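1. Give me coordinates for this.
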Amino acid sequence: MTDRGSAPSTAHDEVLLDVRGLRAAYGSSQVLHGVDLQVHVGEVVALLGRNGMGKTTFVRALMGIVAASGGSVHFAGGPIAAWPVHRIARLGIALVPEGRQVFANLSVLEHLSAFTRRDARTATPWHAQRVFALFPRLAERRDHWAQHLSGGEQQMLAIGRALVTNPRLLILDEATEGLAPLVREEIWRALAQLREAGQAILVIDKYLQRLIGLADRHVILEKGRVAWSGPSHALAADPGLWHRYLGV
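-> Sure, this is the predicted structure:
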């Protein structure tokens, strides 16, 4: 088990995403009750909690898919609450949604070409060939329609599609859910490479042991509120937290 440290390192001093008191509801059903969460530049943060605790709603409210009913969201120093989804994405936040949501009748290469952001301001921009280096399986299937890919290959494609937008923040909602163990390992390996390259990541997943090795910090939601937050070594050292809030 890797110890990711007790606090953001000097490389993580700049706050990229700053969410304060975020509230959201579906009709009369309040889901988020004032959630705080920060992601620093180059940092990996895991958002944890049992099913139904508000993790996906948090991401959807952050991305503007669900309207927030309170709180503030700042990204790269500016407010983005109530912005439309396309504007938030253009600012540099990319979401790999739960369920992948690839386009059935587009090939792998067509997906990556269609979503490539040509004006990305980075010294090492993401493009199709770089995604193929990260996921060699996709290179082998570059001309295959998405509907003919396995579930794991579709997940790799969804991650690659997000990366070619050259995001400052990559958000993954249950990226390894339902995948075979060998495919999950390929996804974890890729995420570790992204972390080492300095990609800021907000990840939701249930494989706690792998998240402890990947993430710098963790935020646990319980009924739409932050029940605990802290560094990986603190979570690893307290199995009581796992049983109390995560049911493992």
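
2. What is the least confident helix or strand in this protein?
-> None of the helices or strands of the chain scores lower by mean pLDDT, DSSP states H and E than helix 239-241, at a mean of 89.

3. Work out the gap between that helix and the centre of the chain.
-> Computed by Cα atoms, centre = their mean, to the nearest Å, the chain-centroid distance of helix 239-241 equals 24 Å.

4. Offset the numbering so it begins at 214, please.
-> Got it, the first residue is 214 from now on, which makes the last one we talked about helix 452-454.

5. Need the contact partners of that helix.
-> Helix 452-454 is contacted from outside by Ile433, Trp441, Leu448, using Cβ atoms under 8 Å, 6 or more residues apart in numbering. C-beta: built from backbone N, CA, C; applies to glycine.

6. Now stretch 429-437 - C-alpha only, CSV.
-> The C-alpha coordinates for stretch 429-437 follow below in CSV (Å, rounded to 0.1, in the frame of the first residue of the first chain):
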residue,chain,number,x,y,z
ASP,A,429,-3.4,12.3,-2.3
ARG,A,430,-6.5,13.1,-0.3
HIS,A,431,-10.0,11.6,0.2
VAL,A,432,-13.4,13.1,0.9
ILE,A,433,-16.1,10.9,2.3
LEU,A,434,-19.8,11.8,1.8
GLU,A,435,-22.5,10.6,4.1
LYS,A,436,-26.1,11.6,3.2
GLY,A,437,-24.9,14.5,1.2
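
7. Can you point out the buried residues in that stretch?
-> Within stretch 429-437, the residues that count as buried by 16 or more other Cβ atoms under 10 Å are Asp429, Arg430, His431, Val432, Ile433, Leu434, Glu435, Gly437.

8. what ranges of the chain fall below the confidence cut-off?
-> Counting by pLDDT under 70, the chain contains low-confidence ranges at 214-225, 332-334, 461.

9. still on that earlier bit, okay if I get the buried residues of stretch 429-437 as a markdown table plus secondary structure?
-> Shown next, in a markdown table, are those (DSSP: H, G, I helix; E, B strand; the rest coil):
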| residue | secondary structure |
| --- | --- |
| Asp429 | coil |
| Arg430 | strand |
| His431 | strand |
| Val432 | strand |
| Ile433 | strand |
| Leu434 | strand |
| Glu435 | strand |
| Gly437 | coil |
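
10. from these, which is closest to Leu235?
-> Gly437 (9.6 Å; Cβ to Cβ).
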